[in-house]
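*Asks:* Pasted the sequence and its predicted model underneath.
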Amino acid sequence: MRLALTLIFALALCTPASATNPPAVQQGVPILLYHRFGPTVADGMTITTPVFESHLKYLKDNGYTVIPLRRLVDWYQKKAPAPPAKSVVIVEDDAHKTVYSDMLPLAKKYNVPVTVFVYPSAISNASYAMTWDQLRELKKSGLFDIQSHSYWHPNFKREKKKLKPAEFGKLVDTQLRKSKDRLEKELGSKVDLLAWPFGIYDDFLLGRAAAAGYTATFTIERHHAVSGDSVMKLPRYLLLNSDQGKAFTQILAGTAPQRKIVY
């Protein structure tokens, strides 16, 4: 997301996962979504680098297995068996420059796979974003997969209100196809996973994503990915710097409180 854009988070009433449905929690896989890192909390999407490392250390010390996002998608698509117990997925949205400076060294240190969702208009262009060469270096590490986050990260809800239906459809197709094509051209690998900008999606957008060649898409709905979920709208936990200690363990357990997101 552009740094100028801010998501305002408000905690809703704390509603633990239902105690009547423990199998769904136990069998689900939390997808942990990060945005940017640094020594201090520069904005609502920043997680300090020490807090991020504390997450990785907790996972390692407590028997969790960080699996590639692709491994989870393969399970949904019946190409692989169910992930092992205590599996976790780590992803990042936006390809912020701190992915290269802060996330990459820690991913190497703890040997964890990461999927980065990129909107290509910012790459080698915006001061806050990574460069194409840096993305290539991530890919060469063998730990990072690079996937799509649309072309310039539009708010589809707002664009739909402003544009006529045909114009909106053209915008959506351009955003989804141009991102996929550019990433595949620059990095030479398959791009068929899409993280929705701002987590916004509906049936129309899901249909356009499938038509553009995406086989799985991702939201920011705050719960574990379970067997009953659609592979075209898999949930992710959007992490804040406050998600540490007890709050982080609640996320892993599937008992974290919900958050209402206001755009």
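*Replies:* In hand now; what should we look at?

*Asks:* Kindly list the single helix or strand of this structure that scores lowest on mean pLDDT.
*Replies:* strand 8-11 (a mean of 34; mean pLDDT, DSSP states H and E).

*Asks:* Would you mind writing the CA trace of the helix of greatest length in the chain as CSV?
*Replies:* The helix that spans the most residues within the chain, counting by DSSP state H, is helix 165-187. Coordinates of each C-alpha in helix 165-187 appear next as CSV, following Å, rounded to 0.1, in the frame of the first residue of the first chain:
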residue,chain,number,x,y,z
PRO,A,165,-19.7,-0.7,-15.2
ALA,A,166,-17.8,-1.2,-18.5
GLU,A,167,-15.0,1.2,-17.3
PHE,A,168,-14.8,-0.6,-14.0
GLY,A,169,-14.5,-4.0,-15.6
LYS,A,170,-11.7,-2.7,-17.9
LEU,A,171,-9.9,-1.3,-14.9
VAL,A,172,-10.1,-4.6,-13.0
ASP,A,173,-8.9,-6.6,-15.9
THR,A,174,-6.0,-4.3,-16.5
GLN,A,175,-5.0,-4.3,-12.8
LEU,A,176,-5.0,-8.1,-12.6
ARG,A,177,-3.6,-9.0,-16.0
LYS,A,178,-0.9,-6.3,-16.2
SER,A,179,0.5,-7.2,-12.8
LYS,A,180,0.6,-10.9,-13.6
ASP,A,181,2.3,-10.3,-17.0
ARG,A,182,4.9,-7.8,-15.6
LEU,A,183,5.9,-10.0,-12.7
GLU,A,184,6.2,-13.1,-14.9
LYS,A,185,8.3,-11.2,-17.4
GLU,A,186,10.6,-9.6,-14.9
LEU,A,187,11.1,-12.6,-12.6
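
*Asks:* outside of that helix, which residues touch it?
*Replies:* The contact list for helix 165-187, computed with C-beta atoms under 8 Å, 6 or more residues apart in numbering, reads 118-120, 123, 132, 135-136, 139, 146-152, 154, 156, 159-160, 163, 190-192, 194, 204-205, 208-209, 211-214. The way it works is simple: take the backbone N, C-alpha and C, and place the C-beta from them, glycine included.

*Asks:* Restricted to buried residues, select those residues in PyMOL.
*Replies:* In PyMOL, a selection of the buried entries from these looks like this (16 or more other C-beta atoms under 10 Å):
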select buried, resi 118+119+120+123+132+135+139+146+147+148+149+150+151+154+156+160+191+192+194+205+208+209+212+213+214
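
*Asks:* List the ones among the contacts of helix 165-187 that fall in strands.
*Replies:* 118, 146, 147, 148, 194 (DSSP state E).

*Asks:* these two touch, right, residue 48 and residue 37?
*Replies:* Yes: under the criterion of C-beta atoms under 8 Å, residue 48 makes contact with residue 37 at 6.9 Å.

*Asks:* neighbour count winner among those two?
*Replies:* residue 37 (25 against 17; other C-beta atoms under 10 Å).

*Asks:* That one: helix or strand, and which one exactly?
*Replies:* Using DSSP states H and E, residue 37 maps to strand 36-38.
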